[in-house]
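>>> sequence? don't have it. structure:
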Ligand SMILES: Nc1ncnc2c1ncn2[C@@H]1O[C@H](COP(=O)(O)OP(=O)(O)OP(=O)(O)O)[C@@H](O)[C@H]1O
């Protein structure tokens, strides 16, 4: 079943086209990653999906129904964790979670049970009486998440939940998202950290300038590009002739050499590393450490757009 279906979404801020005929299809049970650099339109897309923002063109269906600002039957099954932490400074950790949960759940004992569950889910047991101002950035993010998920929504949308978070909290957040998904929630996760998206998401749409450039699993996305592997060799005393000869090795697409480091990019194919090693030995080139890396989502982005995904 398609849980979120976005078709041809266009959103303009005056002359700036923030979303340019964006299409997304999120299926039940997926952890769907929206990966794109800063300013690519991720938050705008989420705000439109949630009907927090008016858009110029396109359609948005959630759970098979048209989404609108008054679609409370849809909204009750959505959990939102926004980029900017949104909690009440006057309330404690426990009171904040309980408050957000009670917006959806009427039964008081059920609210208490769900609040406790959310607290242990994000491991905030030792901080229930703290006010948000006394929490570190990472703990505050975890509180933000607990507030968004306490009512057990079917669809959880997280907009860059790990920006400026310490590694320990980041891991807790990522593990928590996996667990929420295992417990049955469909997840939409926006990020500009390709490592997180690779680690977490079962399907990924790469976006830039408000457009979807490619969609698939991480393996499908990597299969879309020509880069097969990157070979790095610590090598000494190479000259221009060596570099030119190496460029002629089958499947090698680029060769760079600086600071005694040789960086070779190869297209997909068998025995690329062996061919490079053969050449180094045959040419009596002195070399040390060698390692190869498979393409990353950054390489996918680089090949499609000609620029790096990283800031
Ligand atoms: N309220 C606004 N008014 C005018 N332009 C805006 C507004 N909000 C966003 N934009 C612009 O729209 C584009 C998309 O921004 P958006 O915040 O959706 O991107 P993003 O991928 O979420 O980036 P980030 O990771 O930095 O939040 C950017 O060029 C941004 O400057």
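Perfect, thanks for sending it. On a predicted model such as this, the values are computed, not experimentally measured, just so you know.
>>> C-alpha only now, for contacts and for neighbours.
OK.
>>> residues from this protein in reach of the ligand?
13, 18, 37-44 (CA under 6 Å from any ligand atom).
>>> Now which of these would you call buried?
Taking 16 or more other CA atoms under 10 Å as the criterion, what is buried in those is 18, 37, 40-44.
>>> The closest residue to residue 162 other than its chain neighbours: helix or strand, and which one exactly?
In space, and not counting its chain neighbours, residue 162 is closest to residue 170: 5.8 Å by CA to CA, 6 or more residues apart in numbering. Assessed by DSSP states H and E, residue 170 sits inside helix 167-182.
>>> Tell me which residues are up against that helix.
29-31, 121-122, 138-139, 142, 161-162, 187, 196, 200 (CA atoms under 8 Å, 6 or more residues apart in numbering).
>>> so where do the helices sit in the stretch 151-300 of the chain?
167-182, 194-200, 218-223, 240-247, 272-282, 297-305 (DSSP state H, counting those that start in this stretch).
>>> Report the buried residues of the longest one.
In terms of neighbour count (16+ other CA under 10 Å), helix 167-182 has its buried residues at 169-170, 172-174, 176-178, 180-181.
>>> go on, stretch 77-88?
By 16+ other CA under 10 Å, the buried positions in stretch 77-88 come out as 77-83, 85-87.
>>> repeat for stretch 186-197
For stretch 186-197, by 16+ other CA under 10 Å, it's 186-194, 196-197.
>>> Restricted to strands, list those.
If you go by DSSP state E, the buried residues of stretch 186-197 have 186-191 in strands.
>>> Export the buried residues of helix 167-182 as CSV, with columns for pLDDT and distance to residue 1.
Compiled in CSV, the buried residues of helix 167-182 are given as follows (pLDDT from 0 to 100; distance: CA to CA, whole Å):
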residue, pLDDT, distance to residue 1
169, 83, 33
170, 87, 30
172, 84, 29
173, 87, 27
174, 91, 25
176, 90, 24
177, 93, 21
178, 95, 20
180, 93, 18
181, 96, 16
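>>> okay, now the domains of this protein?
Taking automatic domain parsing as the domain assignment, the record places the domains of the chain at 2-222, 226-294.
>>> most neighbours per residue, which of these?
Comparing the domains of the chain by mean neighbour count (mean count of other CA atoms under 10 Å), domain 2-222 comes out on top with a mean of 19.
>>> End to end on it, go ahead and measure it.
24 Å (CA to CA, to the nearest Å).
>>> shouldn't residue 201 be in contact with residue 31?
Yes: using CA atoms under 8 Å, residue 201 is in contact with residue 31, at 4.8 Å.
>>> shared neighbours of these two, anything?
Joint contacts of residue 201 and residue 31 (CA under 8 Å, 6+ apart) are residue 189.
>>> so how far is residue 20 from the closest residue to the ligand within the stretch 101-250 of the chain?
At 6.6 Å from the ligand, residue 192 is the closest residue in the stretch 101-250 of the chain, using CA to the nearest ligand atom. From residue 192 across to residue 20, the span is 19 Å (CA to CA).
>>> Kindly report the same for residue 72.
According to CA to CA, residue 72 stands 28 Å off from residue 20.
>>> Kindly report the same for residue 125.
Residue 125 sits 44 Å away from residue 20, going by CA to CA.
>>> does residue 115 sit in a helix, a strand or a coil?
Classification of residue 115 by DSSP: H, G, I helix; E, B strand; the rest coil places it in helix.
>>> Spit out the contact partners of the residue nearest to it when sequence neighbours are not counted.
Leaving aside its chain neighbours, residue 115 sits nearest to residue 98 (5.4 Å; criterion: CA to CA, 6+ apart). Contacts for residue 98 (CA under 8 Å, 6+ apart) come out as 111-112, 115, 147.
>>> could you redo the last one with a cut-off of 10 Å?
91-92, 105, 108, 111-116, 118-119, 146-147, 150-151 (CA atoms under 10 Å, 6 or more residues apart in numbering).
>>> so can I have a markdown table of the helices of the stretch 151-300 of the chain showing distance to residue 61?
Below are those laid out as a markdown table (distance: least, CA to CA, whole Å):
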| stretch | distance to residue 61 |
| --- | --- |
| helix 167-182 | 21 |
| helix 194-200 | 24 |
| helix 218-223 | 25 |
| helix 240-247 | 50 |
| helix 272-282 | 47 |
| helix 297-305 | 28 |
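>>> For residue 131, find the nearest of those helices.
Of all these, it is helix 167-182 that lies closest to residue 131, at 18.2 Å by CA to CA.
>>> Can you classify residue 5 as helix, strand or coil?
strand.
>>> Tell me the bridge partners for it.
In this entry, residue 5 is beta-bridged to residue 25, residue 61, by DSSP bridges.
>>> Show me the strands in the stretch 1-150 of the chain, by range?
2-13, 16-27, 31-35, 57-62, 65-66, 78-81 (DSSP state E, counting those that start in this stretch).
>>> So residue 228 is in contact with residue 303, correct?
No: Residue 228 is beyond contact range of residue 303, at 11.9 Å (criterion: CA atoms under 10 Å).
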